[in-house]
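Novice: Provided below for reference: sequence and predicted model.
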Amino acid sequence: MDGSTTQWGKVSRIVVTLDAIGLITFCYKLIQARLLFYRLRKKGLPTPPWNPVLGNSSALAALQKKGPRGGVNLFAYYAVETKGLGAGFYVNVLPFAPRAHAMCDIAHHGG
């Protein structure tokens, strides 16, 4: 019994260590993405309403509730609905999706 107990102790320490490394890596990447978008906004580049913790997730979630079903043209719809955003804007919805630069032709939509 002593041998198996120490083996499980070693395995559990390895699992905890790997989990901690994964969590630290995730947090590092999340912070890097948030800093990138903070710098983009500071430079005056177009982004939807942004939160340092949630990124653009809350703005896009609200838009998805009132926007077209299916979400295929969600970014184009958002570009039309949001004044001053333009045809190209930066979107940060980590950890749900990677950061993106949305390009939309809104000339036909009256935007």
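Specialist: Yep, that arrived. Numbers count the residues shown, from 1 in each chain.

Novice: Next, K65: secondary structure please.
Specialist: Look at K65: counting by DSSP: H, G, I helix; E, B strand; the rest coil, its state is helix.

Novice: For it, give its distance to L74.
Specialist: 11 Å (C-beta to C-beta, to the nearest Å). In short, each C-beta sits where N, CA and C put it, glycine included.

Novice: who's more crowded, those two?
Specialist: L74 (17 against 7; other C-beta atoms under 10 Å).

Novice: which residues in the protein form helices?
Specialist: 2-42, 57-66, 74-81 (DSSP state H).

Novice: do you know which of these lies nearest V93?
Specialist: Checking the helices of the chain against V93 by C-beta to C-beta gives helix 57-66 as the closest, at 5.0 Å.

Novice: now this protein, which segments are flagged as low pLDDT?
Specialist: 1-5, 67-68, 70-73, 86, 94-99, 105-111 (pLDDT under 70).

Novice: I figured P49 hits L60, correct?
Specialist: No - taking C-beta atoms under 8 Å as the definition, P49 is not a contact partner of L60, at 9.4 Å.
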